[in-house]
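J.: Structure for this input, please:
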Amino acid sequence: MLPRVAYLEFIVLVLEAGPSNEGIVDIDAPGLAYNLQKSPFDWNFTTVPQAALNNRSLAYTRGHVLGGSSSINGMFYTRGSSDDYNRWATITRDKGWSWNEIFPFILRNEHFTSPADGHSTAGQFDPAFHNFTGNTFVTLPGYSELLDETYIQATNNASGEVPFNLDTNSGWLQTTIGNGTRSSAASSYLGPQFINHPNLDVVLNTQISHVLTSGNGSKVDFRTVEFRSGTNDSTLRTVTAHKELILSLGSIGTPHILLNSGVGDETELKEIGIKPILHLPGIGKNLLDQPYVYPNWFVNLTVMPVNATEALNQCLETRTGPLINTPLANQVAWGRVPETSSIFQNVSDPAAGPHTPHFEFVLQRYPEALSSSESTLLMGVVLVTPASRGSVSLKSNNPFDVPLIDPAYFKDDIDLLIMKEAIASAVRFFTGPTWKDIILGPQGGFANVMDDLSLIQFICENADTGLHAVGTAAIIRKIFISLISKIRTF
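T.: Numbering: from 1, shown residues only. You can find the predicted model right below:
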């Protein structure tokens, strides 16, 4: 969006709390994404203790760098189902949110490109659903793994439960990578071809404390931000936009700034010592995130570990090799609990519709790019349509205090029931004939799962965050109209 705004002759100022993404090897090399967790490029947040997860607090990685979390994430390119968009259109009574209306804009963003190794992509994606001229690179795995074809073959022997899908991101994983390098919001829209535009200024290491308004009640006008330069500078400065202010701080940062600025539930704001400016009780509420667990199995395979130095040199010099893929997977699969399942007898299905999955399988690369030769196979089982809702709230009225992040995992009982069904589906997938001479048996804590109670215990002890927070400036019609009329959030 920023390049288009700049070329329309608006003058654009971007304030970024973190440093530049340029020249950071761990950002550029997709396979090194794990190194970015708990690094200077991560806000290093944690959740509040999660009651359903034995009161564990979980690391909550968010990007503290130009490009935000798109500069440090796992690079999965997942659009979501048409049902999701159509439900948004229904809730907002605005057909502009529907799949048919949104899809052209999704395509405009995409620049599908050949994988780094140049292999034939026939049978791995459907070109009709992609664009080849946008800003953000999207590609298929550019480095083959030992079990790639085995995963695909197994879909034919899964009794229709995990069928192969040519596209919609089910089958061969699509990622925001191009020419062996991460493609982020920063590289796509603030890269060398844009950053020097005379209408665009980017200021790094600048942390916002508040958005400020003139007027009261229905006449509030948010176009001023208050900020500091660096973490050691106590001097607060302001800058005012002549046209409009766009908050693009993600599902954690956006409500954090709004709440600190007096936009939220007025009763809760008063309790923490913040003067309410605009009563929007949905701000910071409705946090939806996708927990996952990693069941693992012993496998009858021998793989030589990758030499880390050689892999890095190959990536930097030729943009090929094991580090030019995401470290997570080469394939993903989506699944649904049958509509006739007993778990839906007394509760509503949380999915947006029949085309929306309940869970995702992340078919782990084997071995991970820099792993040992340990004979272990992992499958990430992700709950993608949770019913539980959490919140982002304030620790104090100090705008530089970290937010309180509560995903409220498995707060709603249906989420645990669906996760159990998803793990059962994963077990069935790996007991198919394709895996007869490969899978030896469950490993680690998963080997102790003998009944329903021990399965629940395994989930509670091992579930972690998918880091896919959404919903904290909720698109509820009453709130939606009020918020968009005052502040544009993206």
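J.: Leu259 - how many residues pack around it?
T.: Residues near Leu259, counting by other CB atoms under 10 Å, number 25. Backbone N, C-alpha and C define where each C-beta goes, glycine included.
J.: helix/strand/coil for it?
T.: Secondary structure assignment for Leu259 (DSSP: H, G, I helix; E, B strand; the rest coil): helix.
J.: what sits against it?
T.: With CB atoms under 8 Å, 6 or more residues apart in numbering as the criterion, the residues that contact Leu259 are Leu269, Ile274, Ile283, Gly284, Val392, Ser393, Leu394.
J.: neighbouring contacts of stretch 138-145?
T.: Contacts of stretch 138-145 from elsewhere in the structure, counted by CB under 8 Å, 6+ apart, are 77, 110-117, 119, 121, 124-125, 130, 148, 172-178, 180, 183, 320-322, 324-325, 330, 365-366.
J.: where along this structure do the helices fall?
T.: For the chain, the helices defined by DSSP state H cover 2-7, 25-28, 82-92, 99-109, 148-155, 185-189, 192-195, 250-260, 266-271, 308-318, 413-430, 452-462, 477-486.
J.: which secondary structure elements does the fifth one contact?
T.: Same thing as helix 148-155. When contacts are defined as 3 or more CB pairs under 8 Å, 6 or more residues apart in numbering; DSSP states H and E, helix 148-155 sits against strand 171-172, strand 329-335.
J.: Show me the strands in the stretch 201-350 of the chain, by range?
T.: Along the stretch 201-350 of the chain, the segments classed as strands by DSSP state E, counting those that start in this stretch run 206-214, 221-229, 237-240, 246-247, 263-264, 278-279, 292-293, 296-299, 329-335.
J.: any idea which of those strands is most buried?
T.: The highest average neighbour count among the strands of the stretch 201-350 of the chain, using mean count of other CB atoms under 10 Å, belongs to strand 263-264 at a mean of 28.
J.: Name the strands paired with it and say parallel or antiparallel.
T.: Strands that pair with strand 263-264, judged by DSSP bridges, come out as strand 278-279 (parallel).
J.: Please identify which of the helices of the chain is closest to His210.
T.: Among those, helix 250-260 comes nearest to His210, with 5.7 Å by CB to CB.
J.: any idea of the mean pLDDT in that closest one?
T.: Per-region confidence: helix 250-260 scores 97 on mean pLDDT.
J.: for the helices and strands packed on helix 148-155, which one sits closest to Glu101?
T.: Of all those, strand 329-335 sits nearest to Glu101, with 23.3 Å by CB to CB.
J.: tell me the angle the closest one makes with helix 413-430.
T.: Orientation of strand 329-335 against helix 413-430 (axes from the mean of the first three to the mean of the last three CA atoms, to 10 degrees) gives an angle of 120 degrees.
J.: quick thing: my sequence starts at 529, can you match it?
T.: Got it, first residue is 529 now, which makes that one strand 857-863.
J.: Each with direction, which strands does strand 857-863 pair with?
T.: Sheet partners assigned to strand 857-863 using DSSP bridges are listed as strand 699-700 (antiparallel), strand 887-892 (antiparallel).
J.: Report the distance from that strand to the chain centre.
T.: Centroid separation between strand 857-863 and its chain, computed with CA atoms, centre = their mean, to the nearest Å, is 15 Å.
J.: any idea which helix or strand of the protein has the worst average confidence?
T.: Within the chain, judged by mean pLDDT, DSSP states H and E, the helix or strand with the poorest mean is helix 1005-1014; its value is a mean of 44.
J.: which residues sit against stretch 549-557?
T.: Identification of contacts with stretch 549-557 by CB under 8 Å, 6+ apart yields 560-561, 563-564, 567, 569, 593-595, 599-600, 709-710, 712, 714-715, 840, 843-844, 851-852.
J.: CA atoms only: put stretch 598-612 into PDB for me.
T.: Extracted C-alpha coordinates of stretch 598-612, given in PDB (Å, rounded to 0.1, in the frame of the first residue of the first chain):
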ATOM      1  CA  SER A 598       6.600 -10.600   8.400                       C
ATOM      2  CA  SER A 599      10.300 -10.200   8.800                       C
ATOM      3  CA  ILE A 600      10.700 -13.000  11.400                       C
ATOM      4  CA  ASN A 601       7.800 -15.400  10.900                       C
ATOM      5  CA  GLY A 602       7.600 -18.900   9.300                       C
ATOM      6  CA  MET A 603       6.600 -17.400   5.900                       C
ATOM      7  CA  PHE A 604       3.600 -19.700   5.300                       C
ATOM      8  CA  TYR A 605       1.400 -18.200   2.600                       C
ATOM      9  CA  THR A 606      -2.100 -19.100   3.700                       C
ATOM     10  CA  ARG A 607      -5.100 -17.100   2.400                       C
ATOM     11  CA  GLY A 608      -7.800 -18.700   4.600                       C
ATOM     12  CA  SER A 609     -11.100 -20.100   3.300                       C
ATOM     13  CA  SER A 610     -13.800 -18.300   1.300                       C
ATOM     14  CA  ASP A 611     -16.200 -19.000   4.200                       C
ATOM     15  CA  ASP A 612     -14.100 -16.800   6.500                       C
END
